[in-house]
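Chemist: need a structure here:
(2 chains)
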Amino acid sequence: MTHRDDGPRVLKHPVCSRLFHWGLIFGFLPAAFTGFIIWYKPGSEGFVNLAMKIHIVGAAILTVACVLYAVFCLDRVAGFMRRNFAWDDRDVGWLLVGGGYPQKMLLGKKIPVPPMGKVNSGQKIFGLCLLFFGPILIVSGWILYAFIPVAPKELIGITNTVHLLLGLYMGLFLLVHMFLGVYNWGEFKAMFGDGTQPLAEAADHNPLWVEKDIEPVLGRAEASDYQKGL
Amino acid sequence: MANYDYVEKAIKVSRREFLGLAGAGAALLWAGAYVTTDIFVDRTKYIKLRAAGMYKDDAKAKIRQSHNNPAVAEMYGKFAGKPLSPLAEELFHTTYVNRAKLGGKS
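Modeler: I've put the predicted structure just below:
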């Protein structure tokens, strides 16, 4: 759809979520990139050692960001979990047509897609992966960082394999997330801007969310008429 | 300052949900710590048993020093000359590898 910047706006990503997202960018992104370097070792020993140092710093930023978000934004975490575990027939329909993305990207055709809430079914799958695999990736990484000299070799071997496979999987997932994030330009502008999105755009992309989960800001009640008209 | 007309409804976390989340987190941490501790305790047990077995074998052995071992003395006499000879150095001594760094030898 076209990206309109006029009309009423809705706050889609509050400050704490945007800050957490920056934490993921400065933490997970360098950790994922250097993780591939450590795995594949494309350069000299010094280069790989530098990559390992960046990997560890990235992991520390990622860990701190996750802990702070879980402690200070527990309501956002609860909302994230509720959304990701809420599945119904619409999700099956959405997945069957791939959210309409293949048709839109390859054929330039817009097909009817089941209405979605704040996140679509693909994002729910990504969210569930983050929820389950993220903590395992972080914990296995710190085990490899701290316990290699003292832990049994079998445990370290298993931890290393799990860390590698999950890192590979989530690193590839990240590429898809970044591509679709840029493709949905309004979403990109909301996350990297002030967190707001034109209501009309949100209604097109997240109709159930606009219908059920948002409310007018106090003192801006006139906007609710606009919402009814959508 | 962001200017917006709509906001997401507040997400309320009930006491039941909070306790559920906290309980699941605590259970995971406890189980992880228990399993890890168990692995370390087992490993320490094996190391202690192995060390005890070696001390026991050593105490029972007739020859307890390598320089008193006739087989070692014969090997040096017929083949490697004397300890730390060039041939012994070449065959029996290893080199230092810094394994703190990645990427093999340094």
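
Chemist: what residue ranges in chain A score low on pLDDT?
Modeler: For chain A, the stretches with pLDDT under 70 are A:1-5, A:219-230.

Chemist: Please enumerate the helices of it.
Modeler: A:15-40, A:45-72, A:74-85, A:89-96, A:101-102, A:121-146, A:153-183, A:185-192, A:199-205, A:207-212, A:223-229 (DSSP state H).

Chemist: Same list, these, but as TSV with mean neighbour count please.
Modeler: C-beta: built from backbone N, CA, C; applies to glycine. Formatted as TSV, the helices of chain A follow (neighbours: other Cβ atoms under 10 Å in any protein chain shown):
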stretch	mean neighbour count
helix A:15-40	18
helix A:45-72	16
helix A:74-85	16
helix A:89-96	14
helix A:101-102	14
helix A:121-146	17
helix A:153-183	14
helix A:185-192	17
helix A:199-205	21
helix A:207-212	16
helix A:223-229	13
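
Chemist: Kindly reformat those helices as TSV containing distance to chain B.
Modeler: Below are the helices of chain A laid out as TSV (distance: least, Cβ to the nearest Cβ, whole Å):
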stretch	distance to chain B
helix A:15-40	7
helix A:45-72	4
helix A:74-85	4
helix A:89-96	20
helix A:101-102	25
helix A:121-146	7
helix A:153-183	6
helix A:185-192	10
helix A:199-205	6
helix A:207-212	8
helix A:223-229	4
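
Chemist: Domain map for chain B?
Modeler: Domain assignment for chain B, taken from automatic domain parsing, gives B:13-61, B:65-106.

Chemist: among the helices of chain A, which is nearest residue B:66?
Modeler: Nearest to residue B:66 among the helices of chain A is helix A:153-183; the distance by Cβ to Cβ comes to 28.4 Å.

Chemist: could you say what helices and strands the closest one packs with?
Modeler: Contact here means 3 or more Cβ pairs under 8 Å, 6 or more residues apart in numbering or on different chains; DSSP states H and E; on that basis helix A:153-183 packs against helix A:15-40, helix A:121-146, helix A:185-192.

Chemist: The same query, at a cut-off of 6 Å, please.
Modeler: Applying 3 or more Cβ pairs under 6 Å, 6 or more residues apart in numbering or on different chains; DSSP states H and E, one finds that helix A:153-183 contacts helix A:15-40, helix A:121-146.

Chemist: Any chance of those helices in CSV with distance to residue B:13 as columns?
Modeler: As requested, the helices and strands packed on helix A:153-183 are exported to CSV (distance: least, Cβ to Cβ, whole Å):
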stretch, distance to residue B:13
helix A:15-40, 15
helix A:121-146, 16
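
Chemist: among the ones you listed, which is nearest residue B:12?
Modeler: Ranking the helices and strands packed on helix A:153-183 by distance to residue B:12, with Cβ to Cβ as the measure, places helix A:15-40 first at 16.5 Å.

Chemist: what's stretch B:68-81 in contact with?
Modeler: Residues from elsewhere that reach stretch B:68-81, judged by Cβ atoms under 6 Å, 6 or more residues apart in numbering or on different chains: B:63, B:66, B:82, B:87-88.
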